[in-house]
Structures are given as C-alpha cells and as structure tokens.
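Chemist: sequence first, then the predicted structure:
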Amino acid sequence: RRVSSVLHRDVKHFGKQHLFDGSDETCWNSDQGTSQWVTLDFPSPVKVSQLHIQFQGGFSSRLCTLEGCRTGEELVKISELYPQDNHTMQISFPRVEETVLDKLRITFGSSTDFFGRIVVYHLGVLGERL
C-alpha cells in the first residue's frame, strides 16, 4: 500500500494503515494537493469486482480514476467513478469491471475540499485471488 501524502506527515494519526483497520474512529487523511492517490500492490493476481469506499463528507472526491496492471506492465485506465460527497459507505460502484491485476491505483482527481484534501475511513477492494 502506498499513498500520495499524509496530512502534516502525521502517519501515526492519519496514515495509510487506517484505510483497512476497520475502525470508524480512524482514517487516512491526505495533505493538500490537486491529485491524491492510493496504490495497492497485491501479492498475487486478483480479479477485482467491486470497490467500497467511505469518505468524510466535505473531503471526498468528485472523480475517482481506477487504473490497474499486471506485474511489469504500465498502469492502464479501468474505470472512472463519481462518488457522492457524504460519509456513507459507497458500495459496489457498477462501473468496476472484473479485471485481473497485480496493482490497483485509485486517483482522487477532484476533491470537494477547497485545499484538495481527501479523507477516507474505509477502503475495500472485493474480488477473488487467482
């Protein structure tokens, strides 16, 4: 897992580990910037079928671009998603096609926050290992 930035470099409170810890009390909070991202490297190929994401309202993305690839290949665009600016878990975006990949990058291209910050409480990538 890699992220574009962490608010004030405060990894303890806002680091990438909070994307997947299952706690409603913690989150990944990016620093300021026009384009934030999360990259996931899977240990073996996976067939991705859904993306689940929970933003903090006011700090969400108007546009999420999904890119993926197999090991040794360049990232290619898979889909564009248009999340809502709220705090609900947004499940099963219908535009995520089942794709086999080893790496997935989610780029948050247009933040609802004036400074470009993104806050994600939960991120889930569903599918199957191959």
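Modeler: Received the coordinates, thanks. Numbering: from 1, shown residues only.

Chemist: what ranges do the helices span in the protein?
Modeler: For the chain, applying DSSP state H gives helices covering 11-14.

Chemist: any idea which strand is longest in it?
Modeler: For the chain, the strand with the greatest residue count under DSSP state E is strand 36-55.

Chemist: which strands and helices sit next to it?
Modeler: strand 2-3, strand 64-69, strand 99-108, strand 119-129 (3 or more Cβ pairs under 8 Å, 6 or more residues apart in numbering; DSSP states H and E). Placement of C-beta: from N, CA and C, glycine included.

Chemist: any buried residues in it, and which?
Modeler: By 16 or more other Cβ atoms under 10 Å, the buried positions in strand 36-55 come out as 36-40, 42, 46, 48, 51, 53-55.

Chemist: for the helix or strand of the chain with the lowest mean pLDDT, C-alpha coordinates in PDB please.
Modeler: Ranked by mean pLDDT, DSSP states H and E, the weakest helix or strand in the chain is strand 76-81, scoring a mean of 90. Extracted in PDB, the C-alpha atoms of strand 76-81 (Å, rounded to 0.1, in the frame of the first residue of the first chain):
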ATOM      1  CA  VAL A  76      -4.000   1.400 -17.700                       C
ATOM      2  CA  LYS A  77      -7.300   3.100 -17.000                       C
ATOM      3  CA  ILE A  78     -10.000   0.700 -15.900                       C
ATOM      4  CA  SER A  79     -12.900   3.000 -15.000                       C
ATOM      5  CA  GLU A  80     -14.000   6.400 -13.700                       C
ATOM      6  CA  LEU A  81     -16.200   6.600 -10.700                       C
END
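
Chemist: name every strand pairing with that strand and say which way it goes.
Modeler: strand 64-69 (antiparallel) (DSSP bridges).

Chemist: mean confidence score for the strand it pairs with?
Modeler: On average, the pLDDT along strand 64-69 is 93.
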